[in-house]
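Novice: Fold the following, please.
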Amino acid sequence: MMMSSCWASRFNNVNQRVTVRVMQKEKSITVFHGDNTLTIKFPSRVEVINHVEDETRGFLERMGLSHEAFAVCLVMREGLTNAVKHGNRCDPAKNVTYTVKCSDNTLVIEIEDEGEGFDWRAIPEPEGDNINSDHGRGIIIMKRYMNEHRYNDKGNKLILIKHFSPDPKLSESEDEEKGNG
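Specialist: Okay, here's the model as predicted:
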């Protein structure tokens with residue numbers, strides 16, 4: 001694949017690769033594999049989320065984090081579905097950018113849509129009477145499996161952070177200590 005000199009100069013590490021897969025109606029998915037990073041940009045189509053999950057599972061395996069795949073893919077699917085359906089309102093002309101980074105026993109997931117954003121401060125905590133609400137269950141999932149979740153001011157970018165031990169047995173005991181086991 002031929003890249004412009006500007007694009008190539010931004011990603012000059014030989015271990016990195018960029019692939020573009022053409023989908024229906026000339027829409028494409030761009031996948032960037034860095035040393036410790038996976039970035040995928042795709043049109044707002046729910047069916048693409050399965051592909052993103054496959055790429056994420058492969059990335060986690062390469063990073064030695066297959067034991068984190070269930071939690072990571074669960075919150076990833078929740079965040080991507082919200083970005084496609086609520087952020088971009090399923091408009092395939094708008095993209096979602098998904099990045100997962102791994103460094104120093106920390107995994108960071110960023111999901112950004114091209115929508116108008118939302119006032120995330122106005123969402124009530126999913127507890128008590130709100131537990132059965134049509135909205136907010138994704139927050140419960142994110143809190144259960146990630147150490148932190150936050151949004152940018154505009155409300156169109158979600159950042160999820162998971163701290164982990166490199167030993168899966170230690171990760172499980174940490175979860176038990178948090179009351180998650």
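Novice: give me the element the nearest residue to residue 110 once chain neighbours are set aside is part of.
Specialist: Leaving aside its sequence neighbours, residue 110 sits nearest to residue 99 (Cβ to Cβ, 6 or more residues apart in numbering; 4.5 Å). The C-beta positions use only the backbone N, C-alpha and C, and glycine is treated the same way. Secondary structure here is read from DSSP states H and E; on that basis residue 99 sits in strand 95-103.
Novice: buried set for that strand?
Specialist: Buried residues in strand 95-103, defined by neighbour count with 16 or more other Cβ atoms under 10 Å: 95, 96, 97, 98, 99, 100, 101, 102.
Novice: What of stretch 111-128?
Specialist: Applying a neighbour-count criterion of 16+ other Cβ under 10 Å, one finds 111, 112, 113, 114, 115, 120, 126 buried in stretch 111-128.
Novice: Mind checking which of those land in strands?
Specialist: Restricting the buried residues of stretch 111-128 to those inside strands, with DSSP state E as the criterion, leaves 111, 112, 113.
Novice: before we move on, the earlier item: thought the residue nearest to residue 110 was touching residue 109?
Specialist: Yes: between residue 99 and residue 109 a contact is recorded at 7.2 Å, counting by Cβ atoms under 8 Å.
Novice: Run through the helices of the chain in chain order.
Specialist: Taking DSSP state H as the criterion, the chain carries its helices at 5-10, 49-62, 69-82, 137-145, 168-177.
Novice: need the least confident one among those, by mean pLDDT.
Specialist: Out of the helices of the chain, helix 5-10 stands lowest, with a mean of 34 (criterion: mean pLDDT).
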